[in-house]
Structure formats: C-alpha cells, structure tokens
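Novice: based on what follows, work out the 3D shape:
(one chain, ligands or ions: 1)
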Amino acid sequence: MLNFALTAEQVELRDKARRFALEEVLPIAWHYDKKDDLPLYILKKAWEQGIMNLTIPKKFGGQGRGMLDSALIVEEISAACSGIATSIFDNSLGTEPLLLSKNERLKEKYLPVLVNDFKLICFATSEPLAGSDVAGMKCKAEKSGEDYILNGTKYWITNSGVADYYTIFATVDPSLSHKGIAAFLIEKGWNGVKVGETIPKLGQRGSNTAGIHLTNCRVPAENVLAQPGEGFAMAMTTFARTRPIIGSFGVGAARTAMELAVDYAKKRRAFGARLSDFEAIDFKIAEMYQKVETARLLTWKAAWENDSGMDPTISASIAKFYATEAAFEVVSEALQICGGYGYTRLFPFEKLLRDMRLPMIYEGTSEIQRVVVSRYVLDGYKPVMPPLEDFPLLEDRDVHLEKDTVAWRCRICGHVHYGPEPPEECPHCFFPKAAFKKIWPKQ
Ligand SMILES: Cc1cc2nc3c(=O)[nH]c(=O)nc-3n(C[C@H](O)[C@H](O)[C@H](O)COP(=O)(O)OP(=O)(O)OC[C@H]3O[C@@H](n4cnc5c(N)ncnc54)[C@H](O)[C@@H]3O)c2cc1C
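Specialist: Residues are numbered from 1 along each chain as shown. So this is what the prediction gives:
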C-alpha cells in the first residue's frame, strides 16, 4: 500500500526546519542577496541545529536519515531562500561521493569530522569548458608513485570559496572519456589549491560559487575516493541522489510565491471586486497549487525510491525538470497576479524569479534531464501493449468474434484486411502484399 503520511518524527523535523527558515533565514535573505554574499553564520547555525549533513550514517556519528527527510528540510529552507538552502544542502552533495566510496578509511577519517565540527565540503565535476558533458572533463590526475598529481580548473563550484574539503573529479586520460575519470578528496590549504573570486550571479546570490584551480596538487593515495574508471559512475549515482532535492528547492520557492500571490489576490481590489473574485485569477491560483503539489509528489516519489533501496535515477530526473520548471512558472504567474508591484524590487517576486532560474541549470540542465528520461523510455522501458504493427485494431466486432476470421494489417498505413489471404496491394497506400502482417488470430 502506498502511504503519503509523514511519521511524527518527520513532522517534527519539518517543523524544526520551518522554524529555522522563518526565524533565521527569511529575515536576512534579501540583505545577503543584495550583498551578493553567503551568510556563513547561518550555515553554522543549520549545522548546530542538525539540519545539515543529514545522510551521514549513524556509525560515523551522523543522523543516518533518508532522502525524504532531506526533501522535507530543503523545501522549508528554500521557501525562505533557495540560495541559502543551496549552500546548506551543498554539504550533502559534497559528502555523497564519500558515502559511495569503497575507501572505508577515508570515510572513517572525514565523516566524523563533518558531524563533530562545522566543516564544509563541496562537489566538483564541472569545468570552464565541460558542464553537461561530465565525461569531457580535462582536469588531469597523473600517477606519481602511489599518489596522484592534479592539474586543471574546476568551475561553478558551490561553496568552494568557503569549503574546507573539495570532492574533485579528474581524469587520468581525457581520451578515455568516462573510463578515465577518478575522484579525490582534497583539503583547503594543500599546496597547489587556489580558489577563484566569487562568480557574480543573476540569482541565488546568498550562495557562494567560485572556481578551483589546481597546480601540481599532490593527493595522497589514501585520499582517492574513486579509482580511475569508477569516478563517472560515482558522479552519476551522486546526481541520482541529489537531483530530487533540487526539485525540493523548486517546491519551497513556488509554495512561497503562491502563498504571497493568494494573499494579494484576496486583498487587492479592481473593478469593484477582489482579484480573487475573477475567474482568470482563480484559475491561475488553481494551476499554481496543482504545480506545487505535483512537484512535491514527484520529488517525494524519487526520494522514496532511493530510501527503499531502488535506483532513483529516472524519477530523480523527472522530479528535477518538472519541479524546477514548474517553480519558475509559478513564480512568474504569482508576479503577474501582483501586477506592476510584482515587477518591483520592493516585492519578493523578482528575487524568487532570479533564484528559480538556476535550478533548471545546475546538477544537470533541464535538457540533460530530458536526455536521461528519453533514453530510458526509448531503450529501457518495457511496453505493456503490443507494437503498433501487431496492434489488434479490429473494427468489425462481429468479424472479430468469428473463430475462422483472419485479419491482415498493412504495416505502412494501418489498413486492416479481412480474408484468408492479404490483398495483392493495399487499397489505401498501394504497397504490395508483403506489407501485410497477420494480426488475427494471434500467432
Ligand atoms: C550557480 C551554479 C552553481 C553550480 N554548482 C556546481 C557545483 O557545486 N559543482 C559542479 O560540479 N557544478 C556546478 N555547477 C555547474 C552546472 O552543473 C553546469 O553549469 C551545468 O551542468 C551546465 O553545464 P554548462 O554550464 O557547462 O553548460 P553546457 O554544458 O555548455 O550547456 C549549454 C547548453 O547546452 C545544452 N546542452 C548541452 N548538452 C546537451 C545535449 N546533449 N542535449 C541537449 N542540450 C544540451 C545545455 O542544456 C545548456 O542549455 C553550477 C552552476 C551554476 C550556474
């Protein structure tokens, strides 16, 4: 049986995150957006309150929580500021390769530190010339004894300006494409690590984004997260586990935009009535709510698959591109309901709109999610119905019921011919007899 009810513990967790969002994040969100700066102290508070690093297993001192718990928390924080939510959740993105790694000693070394100290860890696959094309990365990892020497630039890396640890994906040979990719855990301050200036962004300005430049950076063998050839799969599995949460960024921000627009529509008057008395406005409200609910359901479904031990890859992609695109549409409609005021910087929608442009890009663009889903539907999905040319489109029910009826279908135009033999040529498309396939009785 399916069950959409949250446990009492999950309700408590969500309420805790909601209080944190309302009391700590919302009051400062617009200030830090304007400053184009990350409020690091808020991340520290999130860590202190246990709403960060949720997925670190209990055996390393963590909470061992599932993806659904993360989705609940992220929706709440993103409802107040998706930029700050991005920076808080980034620790889970940075930690995921460590959780997936076969290197147990590395887990024992770093995971308890992340639980016990306020440390930030970021995730770096992207480069200046390779984002969607992860296998096209150029950052080089060269073997030197048991160690590796890294050279190259990672770009667009959330929290890299403030992180203590970096999960770096690099290749031993770019010509090997995905088969050459390995992953490494690097510490801030190691020789050869340089972080670039903060990248100025359109939205989510309360999160930090910068590049990392590696020059002859020696990584000891014990800090290898994934051996060459294993890094690409590690990155893809990480995305499958984090993309649903990008959906939650959308759900939270869309929910806020909808709530604000509904409030406005109930109070604002035009033509002697409230805006909410106009059907055109009410239908917008219905669609906004429909999108928020649908986005949340898809996000929860992917999270449930993950927490049930299934591979959430396809559901994660569906949730990501639906929820993030729906969020942008909801914010835009909410702005519309508020008319000219909605377009000003004195109302919240312009920030929400800027912020919601990003989730359609990071952790795999909307286009890449469509690539993932369409490949699955074309190659992996198992159809229930017979293929088109075998489809028993028998129009004449009486003929259909007769035991000795034989039906032939033209594979080109679909015409069905009844008779012991197919016709010499199709009366519709004129293709010869060979174009006909027997569809009844079933072979
Ligand atoms: C604010 C921000 C934070 C980020 N944080 C991180 C981070 O923490 N770690 C990290 O590693 N990366 C991060 N990224 C990088 C992000 O994941 C990439 O920007 C994203 O994957 C797209 O890559 P790109 O920018 O190189 O665009 P490109 O890959 O060059 O794509 C350009 C356009 O072409 C389209 N396109 C590309 N290939 C195809 C295809 N096969 N079919 C159809 N369309 C295609 C894309 O959808 C896009 O519209 C961040 C990016 C931003 C903007």
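Novice: can you get me a residue count around the one residue in the chain that gets nearest to the ligand?
Specialist: Nearest residue of the chain to the ligand: residue 131, at 1.9 Å (C-beta to the nearest ligand atom). All C-beta atoms are positioned from the backbone trio N, CA, C, and that covers glycine. Residues near residue 131, counting by other C-beta atoms under 10 Å, number 18.
Novice: now do the contacts for it.
Specialist: Neighbour list for residue 131: 156, 365 [criterion: C-beta atoms under 8 Å, 6 or more residues apart in numbering].
Novice: just the one 10 residues further on next, same as before
Specialist: Each residue near residue 141 by C-beta under 8 Å, 6+ apart is listed here: 148, 149, 150, 170, 171, 172, 182, 184, 219, 228.
Novice: and it, backbone torsions?
Specialist: Backbone torsions for residue 141, taken as degrees, to the nearest 10, come to phi -120, psi 110.
Novice: distance check, it against residue 250.
Specialist: Distance check for residue 141 against residue 250: by C-beta to C-beta, to the nearest Å, it reads 35 Å.
Novice: quick one: residues contacting the spatially closest residue to residue 386 that is not a sequence neighbour.
Specialist: Leaving out its chain neighbours, the residue that sits closest to residue 386 by C-beta to C-beta, 6 or more residues apart in numbering is residue 392, at 7.5 Å. By C-beta under 8 Å, 6+ apart, the contact list for residue 392 reads 386, 407, 439, 440, 442.
Novice: what residues does the stretch 101-250 of the chain have near the ligand?
Specialist: The stretch 101-250 of the chain comes close to the ligand at residues 122-126, 131-133, 156-158, 201, 209, as judged by C-beta under 6 Å from any ligand atom.
Novice: tell me the secondary structure at residue 167.
Specialist: Of the three states, residue 167 takes strand under DSSP: H, G, I helix; E, B strand; the rest coil.
Novice: would you map the strands across the stretch 151-300 of the chain?
Specialist: Taking DSSP state E, counting those that start in this stretch, the strands of the stretch 151-300 of the chain run over residues 165-171, 181-187, 193-195, 209-219, 224-226, 269-270, 273-274.
Novice: can you verify residue 90 is assigned to a helix?
Specialist: Yes - applying three-state DSSP, one finds residue 90 inside a helix.
Novice: run a quick neighbour tally on it.
Specialist: Per other C-beta under 10 Å, the neighbour tally for residue 90 reads 26.
Novice: wait, residue 426 sits on residue 410?
Specialist: Yes - checked against C-beta atoms under 8 Å, the pair residue 426 and residue 410 is within contact range at 4.5 Å.
Novice: who touches both of the two?
Specialist: Common contact partners of residue 426 and residue 410 (C-beta under 8 Å, 6+ apart): 417, 435, 436.
Novice: how about these in TSV, adding distance to residue 354, secondary structure and neighbour count?
Specialist: Converted to TSV, the shared contacts of residue 426 and residue 410 look like this (distance: C-beta to C-beta, whole Å; DSSP: H, G, I helix; E, B strand; the rest coil; neighbours: other C-beta atoms under 10 Å):
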residue	distance to residue 354	secondary structure	neighbour count
417	61	strand	17
435	56	helix	20
436	59	strand	22
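Novice: filter the residues you listed by proximity to the ligand?
Specialist: Checking those against the ligand by C-beta under 6 Å from any ligand atom, not one of them is in range.
Novice: least confident pick among those?
Specialist: Within the set of the shared contacts of residue 426 and residue 410, pLDDT is lowest for residue 417 (92).
Novice: partners of that one in the sheet?
Specialist: Note on residue 417: beta-bridge partners by DSSP bridges are residue 408.
Novice: list the contacts for it?
Specialist: Shown in contact with residue 417 (C-beta under 8 Å, 6+ apart): 407, 408, 409, 410, 423, 426, 436.
Novice: quick one, phi/psi of the residue of the chain closest to the ligand?
Specialist: Residue torsions, per degrees, to the nearest 10, at residue 131 are phi -110, psi -70.
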